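S.K.: any chance you can model this:
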Amino acid sequence: MKKKEFNNRDLDFEFLWNSSYKNLPENKIEDSWQKFRRVNSLDKPKKSGRNYLRAGFAAAIMLLLFSIYYYGVFYNPTIKINNYGLLDKEVNLPDGSLVLLKEGGEISFKEHFKKTRRVELKGEAFFDVVKDTLKEFNVVTGSTITKVLGTKFSVIERGDKEVEISLYTGKVLVSVKDYAESWALVPGESLVYHKGSAEIRKFNTSLSFAFGNKFIDVNNIKLKELFYFLSKRFDYEFDSSSYNENNRVTLRINKQDSLAEILNILSIINNTIYEIKKENKKVEISRK
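M.R.: Reported below is the predicted structural model:
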């Protein structure tokens, strides 16, 4: 029989195994186990906390990207502006265009213009539109749509059945509700839509406060042109059969002047009596 060989480690283990020890108290045994558990837990890598941190950071990035995408693509609120004052209100549109909103007027538009620059109007306003060949500019009323690229024009809206569009520079294309055709205006032309019918009229582009002028110098102008301007400004009708349309006058009209003040000056200039009839909004004309 071959003799079994032992190394030093085996001898130590055999010695420890065969040795006898006193029994330890229960409380010391429990303390030893607690120390063992603490040491064992410190040796383990703490992966769960880092994983939660990474997941939270990734979620925050996703939320931020979604918010940016939502704001850029979907969030585009409508801005509505009213003019309750007596003076024109200047409104700067997102593309840099300028609107002079008249008393009692209201416009609405998107905070950011996308493919089309669209403005909805109630009342009266003058538009100075920045040219952009890639984005058409539309002014929408209850019965008309005015399409431009860059120009200066005014729109007077008096409900769904009466609109007047006047062009000062550039070109515009006007379409009317329930009409198949459209009208291309040139400077000095107005499209007047009234109770279902449309008509092109001529006007003097120098007779306007639309550009923010505080006064207008009327130089040797025909009475027909002057009365057309006053009729639009004050919503009064002049009897064309009671005066010579080709007579000419020169005067200065201030923006704050009333119809009565202007007619008083005219009565002195051309020796004529002008009587304002408020009940039917007409001006009767007679010689002194």
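S.K.: name the nearest residue to residue 157, sequence neighbours excluded.
M.R.: In space, residue 157 comes closest to residue 141 once its chain neighbours are excluded; the distance is 4.3 Å by Cβ to Cβ, 6 or more residues apart in numbering. All C-beta atoms are positioned from the backbone trio N, CA, C, and that covers glycine.
S.K.: what sits against that neighbour?
M.R.: Applying Cβ atoms under 8 Å, 6 or more residues apart in numbering to residue 141 gives the contacts 120, 121, 122, 155, 157, 160, 163.
S.K.: kindly state the beta-bridge partners for the fifth one.
M.R.: Residue 157 forms beta bridges with residue 163, as assigned by DSSP bridges.
S.K.: next: the third one.
M.R.: With DSSP bridges applied, residue 122 shows beta-bridge pairing to residue 106.
S.K.: can you pull the contacts of it?
M.R.: Taking Cβ under 8 Å, 6+ apart as the contact definition, residue 122 lies against 105, 106, 107, 141, 142, 157.
S.K.: tell me the confidence at it?
M.R.: At residue 122, the pLDDT value in this model is 95.
S.K.: could you check how far it is from residue 143?
M.R.: As defined by Cβ to Cβ, to the nearest Å, residue 122 lies at a distance of 12 Å from residue 143.
S.K.: you'd agree residue 111 is up against residue 79?
M.R.: Yes: A contact is recorded between residue 111 and residue 79 when judged using Cβ atoms under 8 Å, the distance being 5.8 Å.
S.K.: dump stretch 229-242 to CSV, restricted to CA.
M.R.: The C-alpha trace of stretch 229-242 is given here as CSV (Å, rounded to 0.1, in the frame of the first residue of the first chain):
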residue,chain,number,x,y,z
PHE,A,229,-61.6,110.4,-50.6
LEU,A,230,-63.9,112.2,-48.1
SER,A,231,-66.7,109.8,-48.8
LYS,A,232,-64.5,106.8,-47.9
ARG,A,233,-63.0,108.5,-44.9
PHE,A,234,-66.2,109.7,-43.3
ASP,A,235,-68.7,107.4,-44.8
TYR,A,236,-70.8,110.2,-46.3
GLU,A,237,-72.3,110.4,-49.8
PHE,A,238,-71.8,113.5,-52.0
ASP,A,239,-74.4,114.4,-54.6
SER,A,240,-72.4,114.4,-57.8
SER,A,241,-75.2,116.3,-59.7
SER,A,242,-74.9,119.4,-57.6
